[in-house]
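**Student:** Please find the sequence and the predicted model below.
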Amino acid sequence: MTRPVTGPVPPLLRNPAFRRYFLARTSSHLGDGLISIALLFGSLRLGASPTDLGLVLLAGRLPVVVFTLAGGVVGDLLPRRAVMLAADVVRCASQGLTAALLLTGTAALWHLAALQAVAGAAHAFFTPAAAGLVADVVPESQRRQANALVNAAQNAATLIAPVVSAALVATVGPGVSFAVDAATFAVSAAALLTLRAPDRSVPRHPAPLDAVRHGWRDFRSRPWLQATAVQVAVINGVCTSPFLVLGPIVADQRLGGPLAWAFIGNGYAVGALLGSTAALRRRPRRPLRVAVTIPAALAPLLVLLAAGAPTAVLAAAAVPAGAQSALYAVLTDTARQVHVPADLVARATGFSTVVGLAAAPVGMALAGPAAERVGTGTVLVVGAAVAVLSAPLALAVRSVRDLPAEPEPATTRT
């Protein structure tokens, strides 16, 4: 079903444009890894209830859903490097202000929510432009390797960041983590400032609504693109969002606090690194068959958390959960970059992200009330069942089963 991929990776990093892109993505992701712990436990230290915590997380995720479509259009119609650079500047400022409020002891929950909303809006413009910029600076034959290499580096950073952040939260508080995050966005911006991407044809006087309609028509013409976006939406809303809201509370109440949650996160990061490595070395002939099947690997982690398993067992269960996440991201990102026209990649990413994240804010808002009503264990077990059942539903779409790793010359429709 698969064949090894030969060819060294170093030539990608000898490409100056890709090297700077790689640094920008990895640096900002390192900071994001610090924030995942700092925001959760910083909110809890400010007295957040399960519902409050869900709403703080919602504040950061909802702008991503609202603005990603606009980000996809902007990322196709304007220079992508400039879009990413502007987003980095905004995120540096918002996280720097969050750090200042926390370090001075003047922060309130609404401050965290508002500033993470600003950062989330900037992220909504950064991500589609970043996906499109790969197509600008990397030849088509190397894009899967480029995605896997970026994903692997990000997951290596994620392996370190939660432990560092947990130690900072437990000793000097979450404000330092936010300060470091602001610095990582400054590093990313510096890398982008020196990146020189090839010129790309864009309309002189773009019509945004026409661009949206064009992107939507292309999105609707590709059932595989819709199916994977819907599967991600279901997983985010029913599996991942409840886990992100309820898991830290379980860790805080039963497992020992932020270090325990960071240890579980490390297991996830180890799995993600292994998944990225596998994506770098292997190329499935039908990549989406693999992608839509592997979310079932989330189920054991959710069930064990519901059952009250110890930290070490949860960290072990997080390894396959992390591996599936990385593999899914690489395979679907590459499918878009290979099978969608280059001038539509950012919009395809935007539509996919909007659909995929649409249910996440709802899941975060409802996870706390649902747990208070029916119990944390019930919410998590339902999520595990949905993770397993999502695979056969996605595989029912023919183009998901049949999409090749590379375009077939005789095929005119995907």
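**Tutor:** Yep, that arrived.

**Student:** dump the residue contacts of the one residue sitting closest to the centre of the chain.
**Tutor:** For the chain, the residue nearest the mean C-alpha position is residue 329 (8.1 Å; Cα atoms, centre = their mean). Neighbour list for residue 329: 147, 151 [criterion: Cβ atoms under 8 Å, 6 or more residues apart in numbering]. No exception for glycine: its C-beta is placed from N, CA and C like everyone else's.

**Student:** how distant is the helix or strand harbouring it from the center of its chain?
**Tutor:** Assigned by DSSP states H and E, residue 329 falls within helix 311-339. Here the centre of helix 311-339 is set off from its chain's centre by 10 Å, with Cα atoms, centre = their mean, to the nearest Å.

**Student:** Tell me which stretches of the stretch 251-400 of the chain form strands.
**Tutor:** When secondary structure is read from DSSP state E, counting those that start in this stretch, the stretch 251-400 of the chain shows strands at 282-284.

**Student:** what stretches of the stretch 251-400 of the chain score poorly on pLDDT?
**Tutor:** Filtered on pLDDT under 70, the stretch 251-400 of the chain yields the residue ranges 280, 340-348, 351.

**Student:** all helices of it, in order?
**Tutor:** 258-281, 287-293, 299-306, 311-339, 345-374, 376-395, 398-402 (DSSP state H, counting those that start in this stretch).

**Student:** Please, where are all the helices along the stretch 1-150 of the chain?
**Tutor:** Taking DSSP H, counting those that start in this stretch as the test, the helices found in the stretch 1-150 of the chain are 10-13, 16-45, 50-77, 80-103, 109-137, 143-171.

**Student:** Could you provide those in TSV, with additional columns for mean pLDDT?
**Tutor:** Output for those, formatted as TSV (pLDDT from 0 to 100):
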stretch	mean pLDDT
helix 10-13	62
helix 16-45	78
helix 50-77	75
helix 80-103	88
helix 109-137	82
helix 143-171	72
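
**Student:** Same list (those) but as a markdown table, adding mean neighbour count and distance to residue 256.
**Tutor:** Below are the helices of the stretch 1-150 of the chain laid out as a markdown table (neighbours: other Cβ atoms under 10 Å; distance: least, Cβ to Cβ, whole Å):
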| stretch | mean neighbour count | distance to residue 256 |
| --- | --- | --- |
| helix 10-13 | 14 | 40 |
| helix 16-45 | 23 | 12 |
| helix 50-77 | 23 | 18 |
| helix 80-103 | 22 | 22 |
| helix 109-137 | 22 | 23 |
| helix 143-171 | 22 | 10 |
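
**Student:** Nearest to residue 362 among these would be which one?
**Tutor:** For residue 362, the closest of the helices of the stretch 1-150 of the chain is helix 50-77, at 8.5 Å, according to Cβ to Cβ.

**Student:** Tell me which other helices or strands the closest one touches.
**Tutor:** Helices and strands touching helix 50-77, by 3 or more Cβ pairs under 8 Å, 6 or more residues apart in numbering; DSSP states H and E, are helix 16-45, helix 80-103, helix 109-137, helix 208-220, helix 241-250, helix 345-374.

**Student:** Determine how far the fifth one lies from the middle of the whole chain.
**Tutor:** With Cα atoms, centre = their mean as the basis, helix 241-250 stands 17 Å off its chain's centre.

**Student:** That helix packs against which elements?
**Tutor:** Applying 3+ Cβ pairs under 8 Å, 6+ apart, one finds that helix 241-250 contacts helix 16-45, helix 50-77, helix 258-281, helix 299-306, helix 345-374, helix 376-395.

**Student:** Run the angle between the fourth one and helix 311-339 for me.
**Tutor:** Same thing as helix 299-306. Calculated by axes from the mean of the first three to the mean of the last three Cα atoms, to 10 degrees, helix 299-306 forms an angle of 150 degrees with helix 311-339.

**Student:** neighbours around the nearest residue to residue 72 once chain neighbours are set aside, how many?
**Tutor:** Closest residue in space to residue 72, ignoring its immediate chain neighbours: residue 350 at 1.9 Å, by Cβ to Cβ, 6 or more residues apart in numbering. Neighbour count of residue 350, defined by other Cβ atoms under 10 Å: 31.

**Student:** Enumerate every residue touching residue 234.
**Tutor:** For residue 234, the contacting residues are 359, 386, 390, by Cβ under 8 Å, 6+ apart.

**Student:** same for the host helix or strand of residue 186, what does it pack against?
**Tutor:** Using DSSP H and E, residue 186 sits in helix 175-193. Helix 175-193 is packed against helix 16-45, helix 80-103, helix 143-171, with contacts defined by 3+ Cβ pairs under 8 Å, 6+ apart.

**Student:** who are the neighbours in contact with the residue nearest to residue 72?
**Tutor:** Shown in contact with residue 350 (Cβ under 8 Å, 6+ apart): 68-73, 75, 128, 215.

**Student:** ok so, going back, same list (the helices of the stretch 251-400 of the chain) but as a markdown table, adding distance to residue 238.
**Tutor:** Below are the helices of the stretch 251-400 of the chain laid out as a markdown table (distance: least, Cβ to Cβ, whole Å):
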| stretch | distance to residue 238 |
| --- | --- |
| helix 258-281 | 18 |
| helix 287-293 | 16 |
| helix 299-306 | 10 |
| helix 311-339 | 15 |
| helix 345-374 | 6 |
| helix 376-395 | 4 |
| helix 398-402 | 20 |
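
**Student:** just so I know, which of these lies nearest residue 240?
**Tutor:** Nearest to residue 240, of all those, is helix 345-374, at 7.2 Å by Cβ to Cβ.

**Student:** Pull out the buried residues from that closest one.
**Tutor:** Across helix 345-374, burial judged by 16 or more other Cβ atoms under 10 Å covers 345-368, 370-371.

**Student:** hmm, back to that, which of the contacts of residue 350 sits closest to residue 240?
**Tutor:** Comparing these against residue 240 with Cβ to Cβ places residue 68 closest, at 16.9 Å.

**Student:** any idea how far the closest one lies from residue 229?
**Tutor:** Separation of residue 68 from residue 229 (Cβ to Cβ, to the nearest Å): 11 Å.

**Student:** Thank you, goodbye.
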